[in-house]
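[1] have a look at this prediction, sequence included:
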6 protein chains.
Amino acid sequence: MSTFENTTPFNGVASSTIVRATIVQASTVYNDTPATLAKAKKYIVEAANNGSKLVVFPEAFIGGYPRGFRFGLAVGVFNEEGRDEFRKYHASAIHVPGPEVEKLAELAGKNNVYLVMGAIEKDGYTLYCTALFFSPQGQFLGKHRKLMPTTLERCIWGQGDGSTIPVYDTPIGKLGAAICWENRMPLYRTALYAKGIELYCAPTADGSKEWQSSMLHIAIEGGCFVLSACQFCQRKDFPDHPDYLFTDLDDNKEHDAIVSQGGSVIISPMGQVLAGPNFESEGLITADLDLGEVARAKLYFDVVGHYSKPDVLSLTVNEHPKKPVTFVSKVEKAEDESNK
Amino acid sequence: MSTFENTTPFNGVASSTIVRATIVQASTVYNDTPATLAKAKKYIVEAANNGSKLVVFPEAFIGGYPRGFRFGLAVGVFNEEGRDEFRKYHASAIHVPGPEVEKLAELAGKNNVYLVMGAIEKDGYTLYCTALFFSPQGQFLGKHRKLMPTTLERCIWGQGDGSTIPVYDTPIGKLGAAICWENRMPLYRTALYAKGIELYCAPTADGSKEWQSSMLHIAIEGGCFVLSACQFCQRKDFPDHPDYLFTDLDDNKEHDAIVSQGGSVIISPMGQVLAGPNFESEGLITADLDLGEVARAKLYFDVVGHYSKPDVLSLTVNEHPKKPVTFVSKVEKAEDESNK
Amino acid sequence: MSTFENTTPFNGVASSTIVRATIVQASTVYNDTPATLAKAKKYIVEAANNGSKLVVFPEAFIGGYPRGFRFGLAVGVFNEEGRDEFRKYHASAIHVPGPEVEKLAELAGKNNVYLVMGAIEKDGYTLYCTALFFSPQGQFLGKHRKLMPTTLERCIWGQGDGSTIPVYDTPIGKLGAAICWENRMPLYRTALYAKGIELYCAPTADGSKEWQSSMLHIAIEGGCFVLSACQFCQRKDFPDHPDYLFTDLDDNKEHDAIVSQGGSVIISPMGQVLAGPNFESEGLITADLDLGEVARAKLYFDVVGHYSKPDVLSLTVNEHPKKPVTFVSKVEKAEDESNK
Amino acid sequence: MSTFENTTPFNGVASSTIVRATIVQASTVYNDTPATLAKAKKYIVEAANNGSKLVVFPEAFIGGYPRGFRFGLAVGVFNEEGRDEFRKYHASAIHVPGPEVEKLAELAGKNNVYLVMGAIEKDGYTLYCTALFFSPQGQFLGKHRKLMPTTLERCIWGQGDGSTIPVYDTPIGKLGAAICWENRMPLYRTALYAKGIELYCAPTADGSKEWQSSMLHIAIEGGCFVLSACQFCQRKDFPDHPDYLFTDLDDNKEHDAIVSQGGSVIISPMGQVLAGPNFESEGLITADLDLGEVARAKLYFDVVGHYSKPDVLSLTVNEHPKKPVTFVSKVEKAEDESNK
Amino acid sequence: MSTFENTTPFNGVASSTIVRATIVQASTVYNDTPATLAKAKKYIVEAANNGSKLVVFPEAFIGGYPRGFRFGLAVGVFNEEGRDEFRKYHASAIHVPGPEVEKLAELAGKNNVYLVMGAIEKDGYTLYCTALFFSPQGQFLGKHRKLMPTTLERCIWGQGDGSTIPVYDTPIGKLGAAICWENRMPLYRTALYAKGIELYCAPTADGSKEWQSSMLHIAIEGGCFVLSACQFCQRKDFPDHPDYLFTDLDDNKEHDAIVSQGGSVIISPMGQVLAGPNFESEGLITADLDLGEVARAKLYFDVVGHYSKPDVLSLTVNEHPKKPVTFVSKVEKAEDESNK
Amino acid sequence: MSTFENTTPFNGVASSTIVRATIVQASTVYNDTPATLAKAKKYIVEAANNGSKLVVFPEAFIGGYPRGFRFGLAVGVFNEEGRDEFRKYHASAIHVPGPEVEKLAELAGKNNVYLVMGAIEKDGYTLYCTALFFSPQGQFLGKHRKLMPTTLERCIWGQGDGSTIPVYDTPIGKLGAAICWENRMPLYRTALYAKGIELYCAPTADGSKEWQSSMLHIAIEGGCFVLSACQFCQRKDFPDHPDYLFTDLDDNKEHDAIVSQGGSVIISPMGQVLAGPNFESEGLITADLDLGEVARAKLYFDVVGHYSKPDVLSLTVNEHPKKPVTFVSKVEKAEDESNK
């Protein structure tokens, strides 16, 4: 058992509120979605065999987080290489729902786990950075689309809207997700808090030391378990590309150079680091979550409860889908009804 | 192979996303719908033999675009000659569905092509300028009625409604049409974009040089292939008529005078002219469409995706049929149900 | 008088509806906003001396369009150089209102022209790509913030909202602006058309040949004069930068290399090119606009009038300012009241 | 007193429900709106001096009904002459409200009459065929825009919507209008009947004998007074034009040829012709309307009352303004409120 | 051939769209239905021998139109005589279907005509004023029950519902009927127009001059042939009755006095009177209908096609049978379900 | 210069955007407000002599943070000793404004610093935990009252309202404060961000390790400098008290035991710790703040600018004073009216 694991032996004393959860800190197989799915399967099976009931993957695990890619972009500049790069990237993305989503639902069902999977979703020709949720009953529960991409992501991903901010009330706790720097958005976090989130999944591509502070802060602020999942990638995991940039303009392009250092971590509502952070290798990060900690933490601070001040500070969340074009017809009506 | 053709030899390298498409730039046989259908057949066979999977005809190919006709009209003025002219024109129009539609479906099936055909449709005594869609399986897929006729067309054609704005999701791409100056209607185009159009057919009667700019703009704006089909007609293709007017009040009535100069053209989503424009003769305009170009183009601009701004600008499309009279009866109710 | 100029001698015959308009095709003095203002002054004086009543500058003339800059960005990657680059860029931007805006208002007043100026506006630490409007009376009329930046612009500029979509009803016609690829947004253009725009200014950074097609299309679609203003810049106009990229990954970095080729152009509502495009040099592009052309064009096509189809296609424009935080206080209430 | 006048001497017996009404059968002064207004003034004064309380002018009296004009139009054909013709026609049209409307309101007030005036209204560059209503108090009451132009009118006029179907409840009876062939639209007439119209004004350009049948039918069908006003014009009243067409292709172009033969008529709810029709000359048609006739007629037939069959036949009138673009902002809100 | 006849000799030139139609202007044989049927037979044979393909009888030809009868009614007053009068009137009415209907079907078949017959239908003890339709194949096609009786008719006839508004699509054109003042109901007429009526039969009891205006108006409004059939009756055709009233309280009771003056008429879609009106005698009114006239007329005006305005004005027709009592049994339930 | 200090020598190179700031990590002199003020003066003078322009004191420095006090409270239990304890505590609190506030203003002026001072404010008999702001010009700028006290604080302090959430725009940056666990309130922080806070002062009583994570997170989230000031107190700094409780029920009551461990810290907008945290001793923590860091940080993340999503997430801050009783008098009325 590595230092990145914190589990409790299942003896008779263990209360039913203990949930074993695993983060998969691993790299996408770039430009090969079937191989990425196979890799996902391997880790889900391993986590399930270890007793986990919740498995969380990093941001963009399916489709890939194109770290260091520039898509040939400069302000006001486009080129053929960038467009081809995008076409390949678009090809690795998946439709939601679609065959890959079905496969993941089947995996969750067969391994009897809740599964939170980071994926690049394609809707027409716009891509979204999405978290997918699956139940142990083998069902696709729904999705969250990242609201606001960061810097160069804005050139390749669209913006989500308020209609995909789910928090699922499951037997192992209330489950939702904030992707990468959405974790820096206080209003978005507050929306999740208001929906009662207890298992706060944070699929991310941010492997910095500062990220650890944010995760710890959020656990305390939200009074929830935080499960931050980040890919561990080396230069060799990425396709070769002449325009590739890691940090500095002439950065390390050796095969073993670490490009995404991971740092996946599990933190309790009281701010206790339960497992991780792992900054060294691909692998699983596992901890047993005592759900009773949520109540213990809220005695002192309940961000949307006794410690809110709604007569002064009130947040409005617009959950209507934002669509540039609305077709008013029978089909639309049918949709409306399914929304009721 | 003329300059109006841009095809790629089918070698082993060609990806499955290459679709050969042909525009038929030809004139209606006026006042003779059976002869017009025979002419359509000739060109469809020729295009299919050349490997085309999509054949697009100009606006009003069946029934005819009565360029230069005035139907004896002046403001507040009617006469016998105009009425007779209309009666003849009405006689050349077709019912949808009806025997001519069946014949066209059969042609599409036998030649294994998607077929987009401009036709004058009669519904009672009101005529519509309609685009008909057919599948390689020999099925009539449906139709689009032009929403808004232009100038004098308003005296002979009715206005379509929102119930016939189809975009068909076919194996060769999403297929739809905008007829003539509908291409100038930004809201109509946006409705098509929102339905994901990739093969944007533009049957038209506008053979101007400015039209080329609009086609190029639309290809870029919509990130789609644009296939603009216009008739090439000479004065002799039209019936003689004392009140005929081409451009100026005393215009050229010589037999060889070009009355509709064509200009059919095929443009890629990046704004590259793939075939045409042909301003010189009747004939086929053919190009190989690399559907991967759509994704490449959308990296930079996705008009209803990442480049839309739905919180500020939102379009509503009313797809309900507009009927002056609705009969509420058992049959009608059954129809309603089949719509759910 | 160069080929880029199309003016009518002011003799007694000239009707009062002729308006002389000038586009300034010139480059920003990078990282030196006072020098850029001085350059603006020089050209405004020259245009006014030539009889112009409307002077239009390119996108981001003040503050600069950082073509080829990459701000050290790659997906998921940041660095010191990029941040410093942004800090410098932020320093060149201006507050609106603010001292530079006052200076421009004074220039417009002294030279008796309507002035449309592209500028980088700073609001806190978020930048906006803005068009500023000034009257011959020396007043700052207001601004339009670009709604949706393009590709890498999204990493350095914020998004405007619906509260800055002005069209000013001036004695020389209704004046408004769409910046760069906003010109590709059919719903945004329709909002301008609905406000009656007649002098459609298109400050841009797109100097491509395809752009010309879009401008011509818009003139016809909107039935308005289009005045497209683009900077003409050479490599030497830009600060040296190791990460600079023009088009290809190893592009031309010689001092005389053309980096922004201009292509400023003035087009009539009938689609006639009145002046330009100039792809060769810095300079003024001038034409005399016969406002009567608008009515002539609308006979056939009035995009928000007789050629609209509002029972099927209706656009909603949300003009409310979008603010993440609203402070409700006495002052705020007073504002609310003035809104009623 | 001509045969076109039917007035009752004001003796003590006359009940207060007798209203003297006058139709002005006169021609527009083409291309000269001030002169047309002067002519209107002359006739209003004359009618008022004769005791009239209601004065009705023909369709398009202001701006003109361009009978025989073709605007250079043929199907798919445009030309310079046509555009210039439209520009001139557009110039003669008026804004509503606007200075001409103010002048007419003043005229109604000074002469103490209700005034119904046919006018060509310009809204941007789309024209509408409009009826304007004014009160004896010198107020502009509102307008009705013709819903559906006829044949070639569709090329020069836009379509009204349901928001301008007024019936004004005045001391002299309920006053509204149907313009020209709107009188042939059974659903439009039913909308007016449902609003209780008693003084049914029918400004028209139809001087045919069949028109008389329609007027008589409507008086009976609607149980209302019908006041049909049509211009009397000779060829010399129109500007010369090479493309002019009256009825036949080689029609009479002599100066005295009658181009619009008038036929203005006033009919009672029982189908009695009270004054007119005058097919011979310009002039006033005057009758005394006994409003008690309305009740007498309704005993037998009340089209929207006891003789309707709403369980079987029900008409829906959509009175929402149809706008292609709606701006949601403070101003819009204010408008909404004024609509409540 | 009387002036009431307008027929075209059948030479080789006559197109197949010419249909000869005959109106039978004759009086019921009161209180003797078999004799009335015999009279009907005589006229049908005569019309058929003259080449007619369509024969139209007046309102209530079978059973009789009891003009001048009062049924002993006054407000709040009943008496024995009136009840007996009704009992006799009821006895002359027919069941539909029933033996008289079979006889009429046979007559139509033998004479190879379409037959439209006015009849008083009895359903239990309620009478309906009905039009019956028969085919040349000897089939009873169906019926139309008058929706709304006029004045005193309301005391003896019931109201029809929306389930009997047929328009039959026959080889000689689309055939339907509006009875008497149903012709004044704009919504009912619109229902017929929406079903495409081309041969608009108007069995009536209105022999006024004003009626002619309505018929002409309807032909133009509907763009259809109008065939108005009215009885020609003298005083002697009616049974003697002390309470009889024609127009005035002491009216002409001489045997030759004309009580119903006929005025049957046939009018073309362009408003041309083809035959009649005959105000003088019993007899046949015959005309040749050129069905091509319908298309010619619709060029200018198509009341439910290009000249409708369904976004503003929409009519709903409820065609469900209205039944005071519904028995819910297995069969009924099955029907109900098919409605869902 | 201790490790808790990070200053830049003032040479000619230093840009004007460098501001030296000092946190005073020191303990209140309990129950002796004049002595506490004298201690404040000593540290302010020292910081000013060291070049500081901003001096920040901990929460409740004046009046004292009564750590370990219980005020004789248990649920449903009160006693005399507790009441006396409160009476003493109330006596140490100050009026705002008042003589102590004047003294502090004078101190700020004489030492030419911005001063942020934690104080217990008394308003009647309710106490508030307040931050006071003073300018180098010797002016009292205003105050912020803590919105929500934590656990037992709720028994001795009242709640602030929205009328005291100031952010002052000073020459050294925009200055405001969040007190103690207000720093855990995402909506309160967002209100400060929206006011543009750059110098985010966090007077606190939380000396935990987790607090450091929150401070670092806020610096990054807000893109601002964070200055967290906490008292360093030993047991001997507190008055003796039998009911005193530190952490455990029998905790360390030795004189040197650390009761409040400090941890004051200064962090940059990029998340760099500039000075501190000091967990060891009373003393000054000083750093030079390069205000240019704000722009650099905002390139990537601007929480209320380009990284907000106001169409989905919008916060409303009610800044109205909350008063239990409102006296409606002339003055009050005038105020009310100005609010309308």
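    That came through fine. Numbers count the residues shown, from 1 in each chain, chains lettered A, B, ... in the order given.
[2] and the residue lying closest to A:E153 once chain neighbours are set aside, what does it touch?
    Leaving aside its sequence neighbours, A:E153 sits nearest to C:V75 (C-beta to C-beta, 6 or more residues apart in numbering or on different chains; 6.0 Å). All C-beta spots, glycine's among them, are computed from the backbone N, C-alpha and C. Contact analysis of C:V75 by C-beta atoms under 8 Å, 6 or more residues apart in numbering or on different chains lists A:Y65, A:P66, A:R67, A:G68, A:F69, A:R70, A:T151, A:L152, A:E153, A:I156.
[3] so where's the stretch 201-340 of chain A uncertain?
    A:242, A:245-253, A:329-340 (pLDDT under 70).
[4] hang on, the earlier thing: the residue nearest to A:E153 and chain B, how far apart?
    13 Å (C-beta to the nearest C-beta, to the nearest Å).
[5] how much space separates that residue from B:K298?
    Here C:V75 is placed at a distance of 17 Å from B:K298 (C-beta to C-beta, to the nearest Å).
[6] wait, a helix at A:H90?
    Yes: when DSSP: H, G, I helix; E, B strand; the rest coil is applied, A:H90 is found to be in a helix.
[7] please name the nearest non-neighbouring residue to it.
    B:A295 is the one closest to A:H90 (C-beta to C-beta, 6+ apart), at 4.5 Å.
[8] now the strands: where do they sit in the stretch 201-340 of chain A?
    A:225-230, A:232-234, A:258-261, A:264-267, A:273-278, A:283-290, A:313-317, A:325-328 (DSSP state E, counting those that start in this stretch).
[9] mind checking which of these is nearest chain B?
    Closest to chain B of the strands of the stretch 201-340 of chain A is strand A:325-328 (C-beta to the nearest C-beta; 3.5 Å).
[10] partners of the closest one, with directions?
    strand B:313-318 (parallel) (DSSP bridges).
[11] could you report the neighbour count for the closest residue to chain E within chain A?
    Nearest residue of chain A to chain E (C-beta to the nearest C-beta) works out as A:V328 at 12.9 Å. Counted with other C-beta atoms under 10 Å in any protein chain shown, residues neighbouring A:V328 total 16.
[12] dump the residue contacts of it.
    Counting by C-beta under 8 Å, 6+ apart, A:V328 has contacts B:G162, B:T316, B:V317, B:N318, B:E319, B:H320.
[13] before we move on, what about A:V325?
    B:T190, B:A191, B:Y193, B:A194, B:V304, B:S314, B:L315, B:T316, B:V317.
[14] mind doing that once more with 10 Å?
    A:V325 makes contact with B:187, B:190-195, B:303-304, B:308, B:310, B:313-317, C:187, C:313, C:315, according to C-beta atoms under 10 Å, 6 or more residues apart in numbering or on different chains.
[15] what bridges to A:A177?
    A:C201.
[16] show the pLDDT at it.
    We have a pLDDT of 98 for A:A177.
[17] for A:V77, give me the pLDDT.
    So A:V77 comes in at 74 (pLDDT).
[18] what is the burial count for it?
    21.
[19] just confirm it contacts C:S208, I think it does.
    No: applying C-beta atoms under 10 Å as the test, A:V77 and C:S208 come out as separate, 11.6 Å apart.
[20] what's the neighbour count on A:P166?
    Applying other C-beta under 10 Å, I find that A:P166 has 16 neighbouring residues.
[21] separation between it and A:K122?
    20 Å.
[22] and the residue of the stretch 51-200 of chain A found nearest chain B, backbone torsions?
    Nearest residue of the stretch 51-200 of chain A to chain B: A:T126, at 2.9 Å (C-beta to the nearest C-beta). Per-residue torsions, A:T126: phi -100, psi 140 (degrees, to the nearest 10).
[23] which ones are touching the residue lying closest to A:A202 once chain neighbours are set aside?
    Distances taken as C-beta to C-beta, 6+ apart place A:S228 nearest to A:A202, at 4.2 Å, with adjacent residues excluded. Counting by C-beta under 10 Å, 6+ apart, A:S228 touches A:23, A:25, A:56, A:58, A:178, A:180, A:183, A:200-204, A:206-207, A:211-212, A:214-215, A:218-219, A:262-267, A:276-277, A:285.
[24] show me what A:S228 is bridged to.
    Applying DSSP bridges, one finds that A:S228 bridges with A:A202, A:V265.
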